[in-house]
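J.: got a sequence here, can you model it:
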Amino acid sequence: MNKESDILKWFNGEISTETIKERYPNEDFSSLEKSQFYAKQFEVPQIDAQKALEDFKKRPLGKDSTKVIPLNFKLFIRIAAILVVMLGVGYALFFNNTTTYSTAIAQTEVLNLPDDSEVILNAKSQLQFDKKDWKKNRNLDLDGEAFFKVTKGKKFTVHTDVGTIQVLGTQFNVKERDNYFEVQCYEGSVQVAYKDKKTILTPGKTFRVVKGEQIVVKDFNSENPAWLVQESSFDNVPLWQVIDELEIQYNMVISAESVNTSSLYSGSFTHNDKNIALQSVTIPLKLSYKIEGNKVEFYNYESQ
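T.: Numbers count the residues shown, from 1 in each chain. Reported below is the predicted structural model:
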């Protein structure tokens, strides 16, 4: 049974929608159903080929033989529209090999890549790669945060908007948020390419860029990222970055207009209790907060 052939037969009305869904229960036909619906709106007139040939033969030759035959633009537009729809469907079926995974606020997901490497995707993150080209090039695009356990093999590269990470077989964490980029190596070695400089990280080393300027390579002693056990951990990180992470994990909006958000914070907060998380951040910095729905305001004690 040829799936592509069956889909084309279904698109042409030779196979019913119920039949195609029974044959391929795991396929998502929603997009194709829309394309099929719009294609059916265009009625192409039936042409009597024999009569058209006879009419052509009766045309006079000579100076009038070069006369341009008027083009039926409405018919042309309808046919062109159908071709565009069919080309779009064909591209989606045969040429789009990009695999995409994404997580929502407060959601994590465990993924297995084609080479059995494992990725754990943190909240509000997206990972993409070309499945067809995977055996030749283990390349991924990351927007957000993810922990990687990479099997040995060909070069494994993670691309972000800020920097590129290359490994052969290791465990590492990549965090790429607005104005914040951090790579932590837990096993093996990691090469971080940032601008024109390449830095090698060994286990227990962190590479960090804040607002595109500050570059820090420092030690850490944890065995795994804290967020894997439902916590967010920070070591001398600006408060604005901690606030961003609170918003991602709890789907809330935090205002801190009267607070110095550049002050550094070291500590952690849980992902399981909003009030405890807010207290874990504000108390060490001698701040307070008030909640109204999903909105939270940070302020200094003196502002009460």
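J.: would you map out the domains in the protein?
T.: What automatic domain parsing lists as the domains of the chain is 3-94, 98-219, 231-303.
J.: return the member of those domains having the minimum mean pLDDT.
T.: Note on the domains of the chain: domain 3-94 shows the lowest mean pLDDT, a mean of 59.
J.: rewinding a little: now the domains of the chain as a markdown table including distance to P225 and mean neighbour count?
T.: Every C-beta, even on glycine, is put in place using the N, C-alpha and C of the backbone. Putting the domains of the chain into a markdown table (distance: least, Cβ to Cβ, whole Å; neighbours: other Cβ atoms under 10 Å) gives the following:
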| stretch | distance to P225 | mean neighbour count |
| --- | --- | --- |
| domain 3-94 | 33 | 11 |
| domain 98-219 | 5 | 17 |
| domain 231-303 | 8 | 16 |
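J.: so where do the helices sit in the stretch 51-200 of the chain?
T.: Applying DSSP state H, counting those that start in this stretch to the stretch 51-200 of the chain gives helices spanning 73-94.
J.: all strands of it, in order?
T.: Using DSSP state E, counting those that start in this stretch, the strands of the stretch 51-200 of the chain run over residues 98-102, 109-112, 118-121, 126-130, 138-149, 156-159, 164-167, 171-177, 180-187, 190-194, 197-201.
J.: list the contacts of the closest residue to E245 other than its chain neighbours.
T.: In space, and not counting its chain neighbours, E245 is closest to S232: 5.0 Å by Cβ to Cβ, 6 or more residues apart in numbering. Neighbouring residues of S232 by Cβ atoms under 8 Å, 6 or more residues apart in numbering: A226, V242, E245, L246, Q249, S268, F269, H271.
J.: from these, which is closest to K286?
T.: Nearest to K286, judged by Cβ to Cβ, of the contacts of S232 is V242 at 14.7 Å.
J.: report the contact partners of the closest one.
T.: V242 sits in contact with S232, F234, Y265, F269, V281, where contact means Cβ under 8 Å, 6+ apart.
J.: ok, the third one to L228 distance?
T.: So that's Y265. Separation of Y265 from L228 (Cβ to Cβ, to the nearest Å): 20 Å.
J.: before we move on, the earlier item: for the strands of the stretch 51-200 of the chain, which one sits closest to V216?
T.: Nearest to V216, of these and by Cβ to Cβ, is strand 180-187 at 8.8 Å.
J.: next one: the closest one to chain centre, how far?
T.: Here the centre of strand 180-187 is set off from its chain's centre by 20 Å, with Cα atoms, centre = their mean, to the nearest Å.
J.: can you pull the contacts of G144?
T.: Residues in contact with G144 (Cβ under 8 Å, 6+ apart) are T103, L121, N122, A123, K124, S125, Q126, L127, K175, E176, R177.
J.: for it, name its beta-bridge partners.
T.: Beta-bridge pairing for G144 (DSSP bridges): E176.
J.: wait, is the residue nearest to E245 part of a strand?
T.: Yes - secondary structure of S232 (DSSP: H, G, I helix; E, B strand; the rest coil): part of a strand.
J.: is it in a bridge, and if so with what?
T.: In this structure, S232 bridges to F269 when assessed by DSSP bridges.
J.: and it, how close does it get to V174?
T.: From S232 to V174 the distance is 15 Å (Cβ to Cβ).
J.: now do G267
T.: According to Cβ to Cβ, G267 stands 22 Å off from V174.
J.: swap in T261?
T.: 24 Å.
J.: what do you get for V209?
T.: Distance from V209 to V174, by Cβ to Cβ: 12 Å.
J.: list residues touching both of the two?
T.: The contact sets of V209 and V174 overlap at E182 (Cβ under 8 Å, 6+ apart).
J.: mind putting the strands of the stretch 51-200 of the chain into TSV with distance to K286?
T.: Listed next are these as TSV, based on distance: least, Cβ to Cβ, whole Å:
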stretch	distance to K286
strand 98-102	37
strand 109-112	37
strand 118-121	34
strand 126-130	37
strand 138-149	28
strand 156-159	38
strand 164-167	37
strand 171-177	25
strand 180-187	24
strand 190-194	34
strand 197-201	34
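J.: so which elements touch the helix or strand hosting K218?
T.: In the assignment (DSSP states H and E), K218 maps to strand 214-219. Other helices and strands packing on strand 214-219, by 3 or more Cβ pairs under 8 Å, 6 or more residues apart in numbering; DSSP states H and E, are strand 205-210.
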